[in-house]
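Visitor: Please work out how this folds:
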Amino acid sequence: MDPNLVDPDVDVPKPMGGDSVTQEISLTTVKPSAKVLIPSFIGWVVMGACLTYLTLYALGEYQYLSDMASEDVVAGLVAVIWAGCLLPVLFQLLVLKTSSYAFSNQRLEYTRGILSRRRDQIELVRIRDITTNRSLTERLLGLGTVVLDTVDRSHPILKIPAQSNAYQLADWIHQLNTAEKQRLNYREFEGTQTL
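Guide: Modelled structure (predicted):
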């Protein structure tokens, strides 16, 4: 396994007795990078600045508006504009920071949720194909998205977004998938993917 993928704060448990091939061992947990929100943040800041400018321009240009608005009202209006522009980015950040993908040698556990938490799991042997996507924005930020095509009914397509080492992660997942298929002597025949 690539040492860059292992969380340094998590100790990898060693199998205790028995056949180490059949025991499940927790390997690492990956989380999306917050850098993916930089373009969204810049867009919302530009929108907030434009709305603030237009509001102040309108108050200065039209005398009847400036007569009706006191300094407190203007300050409150500007605060509402900026709160409305920054709250979506903060929500997206919370969604990213509460999502995690924990890998073991047999399965992938996907946890997400801000107030309520949901945890799903996919057996590694059920992964059919692994793709890595990197949009222009992601390439500029050094990120990528790993897309897992699975035969799992609840997650036929699972995306692991905003990974700084997407190609290495995809290769590592492929190695885990291959090792688990060999361990279970798993064979997939054409046309049986939906069974």
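
Visitor: can you pull out the strands in the chain?
Guide: Ranges of strands in the chain, per DSSP state E, are 26-30, 100-104, 107-112, 118-123, 127-133, 144-150, 157-163.

Visitor: List just the one of those that sits closest to residue 178.
Guide: Proximity to residue 178, assessed across the strands of the chain by C-beta to C-beta, is greatest for strand 127-133 (9.9 Å). From N, CA and C alone the C-beta is placed, and that goes for glycine too.

Visitor: got the angle for that closest one vs strand 107-112?
Guide: Between strand 127-133 and strand 107-112, the angle comes out at 50 degrees (axes from the mean of the first three to the mean of the last three C-alpha atoms, to 10 degrees).

Visitor: tell me what strand 127-133 is packed against?
Guide: If contacts are counted by 3 or more C-beta pairs under 8 Å, 6 or more residues apart in numbering; DSSP states H and E, strand 127-133 sits against strand 144-150, helix 166-184.

Visitor: Residue 124 is nearest to which of those?
Guide: helix 166-184 (4.5 Å).

Visitor: Taking strand 26-30 as reference, get the angle to that closest one.
Guide: Counting by the same axes, to 10 degrees, helix 166-184 points 150 degrees away from the direction of strand 26-30.

Visitor: could you turn helix 166-184 into CSV, dropping everything but the C-alphas?
Guide: C-alpha atoms of helix 166-184 as CSV (Å, rounded to 0.1, in the frame of the first residue of the first chain):
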residue,chain,number,x,y,z
ALA,A,166,-6.6,10.4,-7.1
TYR,A,167,-4.5,8.3,-9.5
GLN,A,168,-2.6,6.6,-6.7
LEU,A,169,-5.9,6.0,-4.8
ALA,A,170,-7.5,4.4,-7.9
ASP,A,171,-4.5,2.1,-8.4
TRP,A,172,-4.5,1.2,-4.7
ILE,A,173,-8.3,0.4,-4.8
HIS,A,174,-7.7,-1.7,-7.9
GLN,A,175,-5.0,-3.7,-6.0
LEU,A,176,-7.3,-4.2,-3.0
ASN,A,177,-10.1,-5.3,-5.4
THR,A,178,-7.9,-7.8,-7.2
ALA,A,179,-6.6,-9.2,-4.0
GLU,A,180,-10.1,-9.7,-2.6
LYS,A,181,-11.3,-11.3,-5.8
GLN,A,182,-8.4,-13.7,-5.7
ARG,A,183,-9.0,-14.5,-2.0
LEU,A,184,-12.6,-15.3,-2.6
